[in-house]
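Undergrad: Sharing a model prediction with you, sequence too.
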Amino acid sequence: MQQKDFEDFKDFILSKNAYFTQGFALAYKDDVSRAVQVREGKDVKRLLPADSLSNYFYLRHEPQLKHEPKEPERLTDNGTQRLTFLDTQVVHLVAIVNHADAYQLVENLRNTAMMYDGLNVKPIATSWDRELVITSELSNMSQADITAALQRLKDETVVHIQAAMSKSYIPTNCIVNPINKEYHEQYH
């Protein structure tokens, strides 16, 4: 799996759910502040808690990728058999929408995930208790900060869907330079 896979999935969610104004594919929990953030170029944008955003969602990834060998499905490549893998990552889809029906929002997001054919998306668990979702997403943040974030909630519906996303990986002989072109041009 690559970053583009998650960006494409984010774009698909936006295309099917017009009530979202923004989506973020590569969110993460900051080690220092414990807030949920995303990088946008050289800038960092806080997603949770965030007072300036409305009707948005983000995809937050677990920091590990599981590689499951697919022994029976070895591919033949010039007479040799290559081992293929099913790469799986746990992803958290968190959506915040004003005045939404939580059950309908969850159903829409599950249907959207199941329609997507760029990745295998398997919903695992869902929570629609907004206070529980916020507290969980901001875990390890100070209790005062979590309480302040909860007090700022007004009419927002907050849902969390945990999903396993997987994609087949077929090894190749191609090695690609992983350095971001914009970074390389700017700093070298």
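TA: Perfect, thanks for sending it. Numbers count the residues shown, from 1 in each chain.

Undergrad: CA atoms for contacts and neighbours, from now on please.
TA: OK.

Undergrad: Tell me the predicted confidence for the residue nearest the centre of the chain.
TA: Central residue of the chain (Cα atoms, centre = their mean): residue 59, 2.0 Å from the mean position. For residue 59, the model assigns a pLDDT of 97.

Undergrad: Which strand residues bridge it?
TA: residue 93 (DSSP bridges).

Undergrad: my guess is it contacts residue 91, does it?
TA: Yes - here residue 59 reaches residue 91: they are 6.3 Å apart, a contact under Cα atoms under 8 Å.

Undergrad: list the residues that contact both of the two?
TA: Taking Cα atoms under 8 Å, 6 or more residues apart in numbering as the contact rule, residue 59 and residue 91 have no neighbour in common.

Undergrad: which residues are contacting stretch 146-162?
TA: 49, 51, 90-102, 105-106, 123-131, 133-135, 138.

Undergrad: again with stretch 40-57
TA: Contacts of stretch 40-57 (Cα under 8 Å, 6+ apart): 19-24, 27, 35-39, 58, 93-98, 137-138, 149, 152.

Undergrad: same thing but 6 Å
TA: By Cα atoms under 6 Å, 6 or more residues apart in numbering, the residues outside stretch 40-57 that reach it are 20-23, 35-38, 94-97, 149.

Undergrad: So which of those residues are in helices?
TA: Mapping the contacts of stretch 40-57 onto helices (DSSP state H) picks out residue 149.

Undergrad: What are the boundaries of the strands in the chain?
TA: For the chain, the strands defined by DSSP state E occupy 22-29, 36-40, 43-48, 56-61, 66-69, 75-77, 80-82, 85-98, 120-127, 156-169.
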